[in-house]
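Colleague: below is the sequence, then the predicted model.
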Amino acid sequence: MATDARSIYISALRNTHAMEQQGLQQMEAQASRLENYPDYMALLQRHIETTRQQVQRLEQALQSVGESPSSLKETVTSVAGSVGATVHGMFQDETLKNLYAGYAYQYEQIAAYRSLIAIAEAAGETAHASAFRQSIQEEELAAQQAADLIEPVTRRYVELTTSGEKADR
């Protein structure tokens, strides 16, 4: 168990890295099933690239303190990401559920990065704070873009469903 600020910082870096990996896996799974929602698919594809950059920033921060991502946490969160995407995929309204979850997830990530910065400051490890602030800005933009899609995606879902077409593609 971490008892000093540096150990807490390393643990927070690993946790945030695992969270980003989980989100990346979920977005990749979702994007492959959005033929009927091109704007939503484009948003996910853009954020997949952004998330890959965020993962690289976290890996650089881990390397700078002589650490690497936790393979156990990576495995557990990877499985959790797959399960989450699969569970939503079992329902007719999977697209809407995934959009809601993605919107909420952006705010979880914003909170995680804010916390990571506070922990980094407490540990005297501020070299990557500006990179984490950049990640916050990216997550805030993604949250706003997801919010902007809620009504249009919902309308498209209703249109497809009521016309007898598959709405989950």
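Modeller: Thanks, I have the structure now. Numbering: from 1, shown residues only.
Colleague: select the longest helix from the protein.
Modeller: helix 129-162 (DSSP state H).
Colleague: show me what that one packs onto, helices and strands only.
Modeller: helix 38-64, helix 94-123 (3 or more C-beta pairs under 8 Å, 6 or more residues apart in numbering; DSSP states H and E). For every residue, glycine as well, the C-beta is placed using N, CA and C.
Colleague: residues of that helix that come out buried?
Modeller: 129, 131-132, 134-136, 138-139, 142-143, 145-146, 149, 153, 156-157, 160 (16 or more other C-beta atoms under 10 Å).
Colleague: ditto for stretch 53-64
Modeller: 54, 55, 57, 58, 59, 61, 62.
Colleague: any regions of this protein where pLDDT drops low?
Modeller: Applying pLDDT under 70 to the chain picks out residues 1-2, 70-91.
Colleague: quick check, central residue of it?
Modeller: With distances taken as C-alpha atoms, centre = their mean, residue 23 lies nearest the centre of the chain, 3.5 Å away.
Colleague: what strand or helix carries that one?
Modeller: helix 5-31 (DSSP states H and E).
Colleague: just checking, what packs against that helix?
Modeller: Against helix 5-31 (3+ C-beta pairs under 8 Å, 6+ apart) you get helix 38-64, helix 71-89, helix 94-123.
Colleague: in it, what's buried?
Modeller: Counting neighbours by 16+ other C-beta under 10 Å, helix 5-31 gives 8-27, 29-31 as buried.
Colleague: which SS class is residue 126?
Modeller: coil (DSSP: H, G, I helix; E, B strand; the rest coil).
Colleague: count of neighbours near the closest residue in space to it that isn't next to it in sequence?
Modeller: Closest residue to residue 126 apart from its sequence neighbours, by C-beta to C-beta, 6 or more residues apart in numbering: residue 120 at 5.6 Å. If you count neighbours by other C-beta atoms under 10 Å, residue 120 ends up with 23.
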